[in-house]
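1. how would this look folded up:
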Amino acid sequence: MINGVGFGHVYRTLPIIKALAKRHKITTSTFGKAAEVLEENGYPDSYKLHPFGDVVAQGAKVNIKQSLFENVKQLSPGLITRASEIISDCRPDVVVVDGYLFGLFAAKMLGKKTVNIANCTKVWYVFPKISSIIEKGSDMLSRGIIESSDAVIVPDFAPPFIFSHNNIEYFGAERKFHFVGPTFTIKEKKKGRRPIIGMGGSGHRESLEPIAEILEKMGYSPIIADGNLSDEEIREATAHAPFAITHGGHTTIMSSISANTPVIPIPLKGYTERMNNALGVQNNGCGVVINPELVDTDTVQIAIQKIKTQYIRENTALFASTAHSIKGHIKAGEIIENVGKRKGDSSTF
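-> Below you'll find the predicted structure:
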């Protein structure tokens with residue numbers, strides 16, 4: 001069961017689905033643009049989930065209160081009911097969830113084995129500094145998600161080299177966590193003068209579009225990926241890009257680095273999960289973080305010069321090589337099979 005907000009969840013699960021489909025019956029479910037991606041890749045009959053998970057942005061910031069309000073409006077018993085209907089209809093041996101927590105809870109209610117794909121296990125990050133009651137409630141929800149998971153697959157490098165380190169809380173269940181490396185990888189091709197500006201499918205184009213104008217003045221021909229490119233077009237653009245400028249989405253960062261493309265993250269202010277992903281890029285020496293409220297020509301020029309240094313080139317190349325050698329999508333598939341225990345099991349994504 002895949003969260004359909006943006007493209008990060010569906011792109012990182014798709015290679016796992018394809019690997020498992022060679023030996024197992026796979027049923028998919030999602031909503032929004034993610035359903036279109038699954039259909040383009042040979043899964044036209046995905047079950048439709050009820051949408052959930054909006055993020056409301058205002059300029060370079062996330063409006064936390066409005067985001068909370070919009071998500072509360074979406075809450076209803078129908079979210080779990082619909083997930084339960086899908087599971088009951090498919091009768092899978094394993095329910096695999098990426099970003100759709102209602103699928104986890106529905107699966108547990110029905111006594112199904114579960115695998116949770118996540119790069120952030122701190123729900124309260126979505127609601128910082130609003131209320132201690134909300135934060136405590138979110139913390140309880142985070143614990144419940146981990147307790148409902150038979151295994152947690154983190155599509156990131158293993159500690160201490162994990163990019164999403166500050167987003168992971170184990171809640172005393174370290175044994176459940178498996179760091180498999182990037183699952184959506186891209187092979188490097190000859191670099192050109194077309195950097196990719198990746199904003200995923202969740203929008204917020206206005207926060208990064210002005211950067212395209214700065215790059216054009218510097219002699220680059222940027223490609224803006226905001227949901228308008230296909231899977232193959234994203235791969236091709238990222239493979240050739242001399243660098244990637246991103247909103248801080250985890251899948252975008254992982255796939256860019258796998259293509260030996262250094263990253264300049266410009267995460268929306270207040271979007272804690274993505275801010276931490278961005279810091280992971282900088283801490284691992286694979287790019288430079290820019291504050292979205294302080295973007296100007298000089299800042300972008302300095303960032304580009306810095307990512308051309310030998311230090312960042314060598315680090316990015318090392319992580320790219322590792323990403324391809326560890327084959328994260330294969331490792332993830334094996335973990336799901338181990339949870340299912342036997343070949344021929346069916347899985348619901």
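
2. Break down the stretch 1-150 of the chain into its strands, ranges please.
-> Applying DSSP state E, counting those that start in this stretch to the stretch 1-150 of the chain gives strands spanning 25-27, 29-30, 47-48, 57-58, 61-62, 94-98, 113-117.

3. Distance-wise, check the residue nearest to residue 53 when sequence neighbours are not counted relative to residue 57.
-> Using CB to CB, 6 or more residues apart in numbering and skipping residues adjacent in sequence, the residue nearest residue 53 is residue 5, 4.4 Å away. All C-beta spots, glycine's among them, are computed from the backbone N, C-alpha and C. Distance, residue 5 to residue 57, using CB to CB, to the nearest Å: 13 Å.

4. Tell me which of these two has more neighbours.
-> A direct count of neighbours by other CB atoms under 10 Å for residue 5 and residue 57 places residue 5 higher, at 24 against 21.

5. Tell me the pLDDT of that one.
-> Residue 5 is assigned 89 on the pLDDT scale.

6. same thing with residue 59?
-> Residue 59 is given a pLDDT of 66.

7. what does the one 5 residues further on give?
-> Predicted confidence (pLDDT) for residue 64: 64.

8. Residue 317 touches residue 259, doesn't it?
-> No: counting by CB atoms under 8 Å, residue 317 sits too far from residue 259 to count as a contact (10.7 Å).

9. which one of the two has more residues nearby?
-> Ranked by neighbour count (other CB under 10 Å), residue 317 and residue 259 place residue 259 first, with 25 against 15.

10. if I look at that one, how far off is residue 235?
-> Taking CB to CB, one finds residue 259 at 8 Å from residue 235.

11. what sits in contact with each of these two?
-> residue 186 (CB atoms under 8 Å, 6 or more residues apart in numbering).

12. quick one: the helices in the stretch 51-200 of the chain?
-> Counting by DSSP state H, counting those that start in this stretch, one finds helices in the stretch 51-200 of the chain at the ranges 64-74, 77-90, 101-109, 132-147.

13. Need the ones you listed in TSV (columns: distance to residue 163).
-> TSV is the format used below for the helices of the stretch 51-200 of the chain (distance: least, CB to CB, whole Å):
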stretch	distance to residue 163
helix 64-74	23
helix 77-90	29
helix 101-109	22
helix 132-147	20
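
14. Compare those helices and give me the one nearest residue 47.
-> When these are compared by CB to CB, helix 77-90 sits nearest residue 47, at 4.6 Å.

15. Buried residues, the closest one. List them.
-> Buried residues in helix 77-90, counted by 16 or more other CB atoms under 10 Å: 79, 80, 82, 83, 84, 86, 87, 90.

16. Can you show me the CA trace of it as PDB?
-> Taking Å, rounded to 0.1, in the frame of the first residue of the first chain, the C-alpha atoms of helix 77-90 are listed here in PDB:
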ATOM      1  CA  PRO A  77     -12.900   5.400   9.600                       C
ATOM      2  CA  GLY A  78     -13.000   4.900   5.900                       C
ATOM      3  CA  LEU A  79      -9.200   5.000   5.600                       C
ATOM      4  CA  ILE A  80      -8.800   1.800   7.600                       C
ATOM      5  CA  THR A  81     -12.000   0.300   6.300                       C
ATOM      6  CA  ARG A  82     -10.900   0.700   2.700                       C
ATOM      7  CA  ALA A  83      -7.400  -0.800   3.500                       C
ATOM      8  CA  SER A  84      -9.100  -3.700   5.200                       C
ATOM      9  CA  GLU A  85     -11.400  -4.300   2.200                       C
ATOM     10  CA  ILE A  86      -8.400  -4.500  -0.100                       C
ATOM     11  CA  ILE A  87      -6.500  -6.900   2.200                       C
ATOM     12  CA  SER A  88      -9.600  -9.100   2.700                       C
ATOM     13  CA  ASP A  89     -10.200  -9.200  -1.000                       C
ATOM     14  CA  CYS A  90      -6.500 -10.100  -1.900                       C
END
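
17. For that helix, enumerate the helices and strands it packs against.
-> Where contact means 3 or more CB pairs under 8 Å, 6 or more residues apart in numbering; DSSP states H and E, helix 77-90 is packed against strand 47-48, helix 101-109, strand 346-348.

18. Surely residue 331 is within a helix?
-> Yes: Residue 331: assigned to a helix according to DSSP: H, G, I helix; E, B strand; the rest coil.

19. So which residues of the stretch 151-300 of the chain form strands?
-> Counting by DSSP E, counting those that start in this stretch, the strands of the stretch 151-300 of the chain are 151-154, 177-179, 196-198, 223-225, 244-246, 263-265.

20. Tell me how far residue 142 lies from residue 241.
-> To residue 241, residue 142 is 35 Å away according to CB to CB.

21. One more: residue 20?
-> As judged by CB to CB, residue 20 and residue 241 stand 30 Å apart.

22. Look at those two and report which has more neighbours.
-> Taking neighbours as other CB under 10 Å, residue 20 and residue 241 compare with residue 241 leading, 29 against 25.

23. Tell me the predicted confidence for the nearest residue to the more buried one once chain neighbours are set aside.
-> Counting by CB to CB, 6+ apart, residue 196 is the residue found nearest to residue 241 once chain neighbours are left out, at 4.4 Å. For residue 196, the pLDDT comes out at 96.

24. Who does residue 196 form a beta bridge with?
-> Under DSSP bridges, the beta-bridge partners of residue 196 are residue 223, residue 244.

25. Contacts for stretch 157-169, please.
-> Residues contacting stretch 157-169 (CB under 8 Å, 6+ apart): 119-122, 125, 142, 154, 156, 177, 179, 181-182, 250, 253-254, 272-273, 276-277, 279-281, 283-284, 319, 322-323.
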